[in-house]
Structures are given as C-alpha cells and as structure tokens.
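Peer 1: Need a 3D model of the sequence below.
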Amino acid sequence: MSLLEYVNVLQGTASSKRYSCGNTLPLMQLPFGMAAFAPQTRSDFGNWFFHPGDRCLEGIRLTHQPSPWIGDYGTLCIMPNNGVLYRSPDERQSGIKKEKCVWQPHYMRARLLRYHAELEAAPAKRGAAFRICFDSGYKAGVAIYLPFGKTEVEVSRDKNMLFIKNNYAGHGNVPAGFNTYFAFHFKTKADFGLIKDISEENAAQQILFNGADEIEFSVAVSYLGFGQAELNLRRELMGKTAEQIKDAAAAEWESMLSVFKKADIPPERRRLFYSCLYRTLLFPHCFY
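Peer 2: Numbering: from 1, shown residues only. Predicted coordinates for the structure are as follows:
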C-alpha cells in the first residue's frame, strides 16, 4: 500500500466561520508548490468555499489560501460546461456524487452530472494539468472565472494559448503593481469565445472545443509576467500528458512522505499521521 493512500485530504475540512473542525481545504498540489487546487462548492460562504458534505461543484479553484482567516490571492476558478457561459456560481454549479469523487494530494476526479463530463486534474510545481471527457453528443466547453480584482486577457491563437493577468491581492500589504500571471495551453484546438466584464471584477472567459469529446489543457502561474508564466508552463507541463503529470506528482509525494515510516501502529493511526504530515508539506509556497 502506498503512503499516499493513507492521506485523507478531507481531514479538517468540515468547517464553517462559526465552528471550526480544522479550517483546512482538500488541496491538490506538490509539496511547497507555488499554487494549489481545490474543489469549490459554496462560494457564498466566502473563504470557507468548500464543505465535504456538499453534493455540488462550482469549479476547481486555483488557490493560495492557507487558512480562511488569512484569505486568498491570485485566484481563479475553472469549470467545464456545454457551451453556455453562466455568470454566477449558482447558475454554473453541477451536481456530483461525492462518494465517487477522488480528492488526493496528487490527483482529483469528479463526475459533473449536469454537464455529462468527467473532470480530472494533477499538479505540477507551478500549475496543473487538466483532462475533461464529455459524453458523446454533448458540447465541450470550459470557462475560467476571476471573481476578484481587475483582470486583463490576451489570446494567442497561433500557440493555442490564453494569458490572464489579475491584481487581486486579498488583504493587501503587497507592493504596488502586484499581479498574478496565468498561462493556459490547450492541446485541443480552442475557440476563444465570449469574454464578460473583463475590465472589472467578476471576469469570465469561455473556451469552446468544436467536435471534441476529450480535452486536455494546462495552466502555470508567475508573479513576474506572462513570459515567466509561459516558461514555467513549458518547463513543467507542455509535452506531457495528464497521466504523466499525475504519476510524477505521486512519485514526489511518496518520496516526501517516506521520510517518516511508522511501523507497528494501527491503520487508523497511520492514516492520521500521514494526513497530518501532508499538511506540514503544503506551506509555505515557493514564490519564484
């Protein structure tokens, strides 16, 4: 049995602003990675945007939030759809069977009932790879939502890439001009369609994939500029499949978790130990 199988990323996540059971998130990322990814199920609760009892999904959130009391910055949300760009989380949310979802440090998978699609993701040091499989006969689309801060978007159709700049800095206390830069690359030919409110808060970018049942794309981040974000993308994600990214992430986590080997303890104590060890390996995030 791999050590990753002992890690329960849901430990401590059944929290609210009024009552904490740990105030944690089910974060998918590499140890001390630059960005983490988490399912978002209840954005109307602010920084407590996930609860394990929810049977819906509003999207996969790129997050830097170590605690709801600290808050997030440089965040966006990725959500598949069938060609219609919905404005709010309530409009776009999809039902899920939470018992069949997979939330692990190195991998996540969820079946989106509304959109007849299965979403998978795996992390790299500065981003992640996504794969979405749609049932035959359903349109393939994905939307990127940036609900906070000012957003700017650039499209490179020749490269099949999307570049996003966002200045959301949470509680602030950052140098003037602070921005997060995102670079997306789509393996499937993309139609970069509707953009909503792109100069104001609550921006959204729709991408369509005509005639495709399966799409793969990746995203990387930088705090320096689009050039560095694209370089991070090329170094860590481009030229690799989502499965290869997943396997590499699993290997890195196994290596870090194996520093401590607990023998002769009951399985439930082993699960507790490695779930806590996983938490110690998430923060601080690398910042370069």
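Peer 1: what's the single longest helix in the protein?
Peer 2: helix 242-257 (DSSP state H).
Peer 1: distance between the following helix or strand past it and the chain's centre?
Peer 2: Next along the chain after helix 242-257, taking DSSP states H and E as the criterion, comes helix 267-280. Centroid separation between helix 267-280 and its chain, computed with Cα atoms, centre = their mean, to the nearest Å, is 23 Å.
Peer 1: Run through the stretch 151-288 of the chain and note the low-pLDDT ranges.
Peer 2: 194-200, 262 (pLDDT under 70).
Peer 1: So which residues of it form strands?
Peer 2: Per DSSP state E, counting those that start in this stretch, the stretch 151-288 of the chain carries strands over the ranges 151-156, 161-166, 180-186, 191-196, 203-209, 214-222.
Peer 1: Give the burial count for the residue nearest to Ser94 when sequence neighbours are not counted, as a bare number.
Peer 2: Excluding the flanking residues, the one nearest Ser94 by Cβ to Cβ, 6 or more residues apart in numbering is Arg114, at 3.7 Å. Placement of C-beta: from N, CA and C, glycine included. Close neighbours of Arg114, defined as other Cβ atoms under 10 Å, add up to 15.
Peer 1: what's the spacing between Arg114 and His64?
Peer 2: Per Cβ to Cβ, to the nearest Å, Arg114 is found 28 Å from His64.
Peer 1: My guess is Leu282 contacts Gln29. True?
Peer 2: Yes: counting by Cβ atoms under 8 Å, Leu282 touches Gln29, with 6.5 Å between them.
Peer 1: which neighbours do these two share?
Peer 2: Here Leu282 and Gln29 share the contacting residues Ala36, scored by Cβ atoms under 8 Å, 6 or more residues apart in numbering.
Peer 1: the more surrounded of those two?
Peer 2: Shown here are Leu282 and Gln29; by other Cβ under 10 Å, Gln29 has more neighbours (27 against 19).
Peer 1: before we move on, back to that, dump the strands of the stretch 151-288 of the chain to CSV, plus distance to Cys276.
Peer 2: Listed next are these as CSV, based on distance: least, Cβ to Cβ, whole Å:
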stretch, distance to Cys276
strand 151-156, 37
strand 161-166, 33
strand 180-186, 29
strand 191-196, 42
strand 203-209, 37
strand 214-222, 27
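Peer 1: do you know which of these lies nearest Asp90?
Peer 2: strand 203-209 (14.1 Å; Cβ to Cβ).
Peer 1: returning to what we had before: Throw the strands of the stretch 151-288 of the chain into TSV and include mean neighbour count, thanks.
Peer 2: What follows is the strands of the stretch 151-288 of the chain, written out as TSV (neighbours: other Cβ atoms under 10 Å):
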stretch	mean neighbour count
strand 151-156	17
strand 161-166	21
strand 180-186	24
strand 191-196	14
strand 203-209	22
strand 214-222	23
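Peer 1: can you list the residues that contact the longest helix of the chain?
Peer 2: Taking Cβ under 8 Å, 6+ apart as the rule, helix 242-257 contacts 2-4, 7, 30-31, 105-107, 120-124, 128-131, 216, 218, 237, 240, 274, 277-278, 281.
Peer 1: from those residues, which ones fall inside helices?
Peer 2: 274, 277-278.
Peer 1: ranking the residues you listed by neighbours, who comes first?
Peer 2: That'd be Tyr278 among the ones in helices among the contacts of helix 242-257, by other Cβ under 10 Å, with 23 neighbours.
Peer 1: How about it: what's its closest non-neighbour residue?
Peer 2: That would be Val7: by Cβ to Cβ, 6+ apart, it lies 4.6 Å from Tyr278.
Peer 1: And Thr180, by the same measure?
Peer 2: Leaving aside its chain neighbours, Thr180 sits nearest to Gly74 (3.1 Å; criterion: Cβ to Cβ, 6+ apart).
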